[in-house]
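In: take this sequence and fold it.
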Amino acid sequence: MLRFWPILFLVIPIIEVYLLIEVGSRIGALWTILLVVTTAIIGVNLLRQQGISTLMRANQAMSQGQVPAMEMMEGIFLAVGGALLITPGFFTDVIGFTCLLPFTRRAIIQYLLLNSTITTSYTAHQENKGSTDSHTIEGEYRRED
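Out: Residues are numbered from 1 along each chain as shown. Got it, this is the predicted structure:
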């Protein structure tokens, strides 16, 4: 996965420049700049709204004694989406809005959680909990002072 980062840092700016030139040639430079600024403003407002909503759900989960795992993952997506929306360009705006919109963000997170090795190993551990483990020693503990 890490070997793709240099490629992304090269390919994404090329895509952005290409799209900016194409859009600018069709609607004009001023309208292109206005469109880029508008998506940034909309993105910041959406980030604020979704961030507050996610924070409220995380607080509610913690007050009920639950770990706000989904909300923490959503927070990471919100930060990435916000950074991408502030970055000038249309390609990063599409990815940023995908990270900020609740239905797409949650769908991506659920897909990642279902296909991650951490979830797989956790699920396997939970399934093996009921079986007798040869390394488990049962006993009682009493402290005597």
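
In: from now on I want contacts and neighbour counts done on CA atoms only, so please keep to that.
Out: Noted.

In: skip the chain neighbours and tell me the closest residue to residue 93.
Out: residue 85 (4.9 Å; CA to CA, 6 or more residues apart in numbering).

In: and residue 78, how many neighbours?
Out: 26 (other CA atoms under 10 Å).

In: isn't it right up against residue 101?
Out: No. Judged on CA atoms under 8 Å, residue 78 makes no contact with residue 101 at a distance of 9.1 Å.

In: so residue 142, which state does it fall into?
Out: The local conformation at residue 142, judged by DSSP: H, G, I helix; E, B strand; the rest coil, is coil.

In: that one and residue 72, how far apart?
Out: Distance from residue 142 to residue 72, counting by CA to CA, to the nearest Å: 39 Å.

In: check residue 28 too.
Out: Per CA to CA, residue 28 is found 41 Å from residue 72.

In: got it, and residue 64?
Out: For residue 64, the distance to residue 72 equals 16 Å [CA to CA].

In: looking at these two, which one has more neighbours?
Out: residue 72 (14 against 9).

In: so in the chain, where's the weakest helix or strand by average pLDDT?
Out: Here the helix or strand of the chain ranked lowest by mean pLDDT, DSSP states H and E is helix 117-128, holding a mean of 52.

In: thanks a lot, catch you later.
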